[in-house]
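> Here is my input; please provide its structure:
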Amino acid sequence: MASKVAESDAVAKARADLEACVFKHSWLFCVGGVTLSVPLCIRIKSYLPLLALGAAGTLFDELNSFWNCAEQRQALLKLQAQEAGNK
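The predicted structure is shown next:
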């Protein structure tokens with residue numbers, strides 16, 4: 001297992017900003033899909049809508065956080081590249 005390298009304060013802050021952004025944008029569609037699927041599951045007496053809408057919501061959440069957090073991701077990558085160049 002690789003040892004964790006100590007990060008600078010700027011890299012740690014950029015990583016925390018990216019994590020906060022991803023968490024902020026990573027739950028809405030999944031919760032919406034599951035919420036919409038419950039009446040369908042009851043009506044057709046199957047768990048298939050729960051599986052389909054839950055998976056679709058998760059996919060849309062991943063894409064949403066990828067698109068909305070591009071600025072934070074680029075900032076983190078830039079700081080990591082600068083730090084790697086200084087070593």
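> can you tell me which residues contact the closest residue to L76 other than its chain neighbours?
Nearest non-adjacent residue to L76, counting by C-beta to C-beta, 6 or more residues apart in numbering: A14, 4.2 Å away. Heads up, the C-betas are built off the backbone N, CA and C, glycines and all. Contacts for A14 (C-beta atoms under 8 Å, 6 or more residues apart in numbering) come out as Q72, A75, L76, L79.
> If we only consider these, which is nearest to F29?
For the contacts of A14, the residue nearest F29 by C-beta to C-beta is Q72; the value is 19.7 Å.
> hang on, isn't that closest one packed against D17?
Yes: counting by C-beta atoms under 8 Å, Q72 touches D17, with 5.0 Å between them.
> Run the chain-centre distance for the helix or strand F60 falls within.
If you go by DSSP states H and E, F60 is part of helix 48-68. Centroid separation for helix 48-68 versus its chain: 11 Å, with C-alpha atoms, centre = their mean, to the nearest Å.
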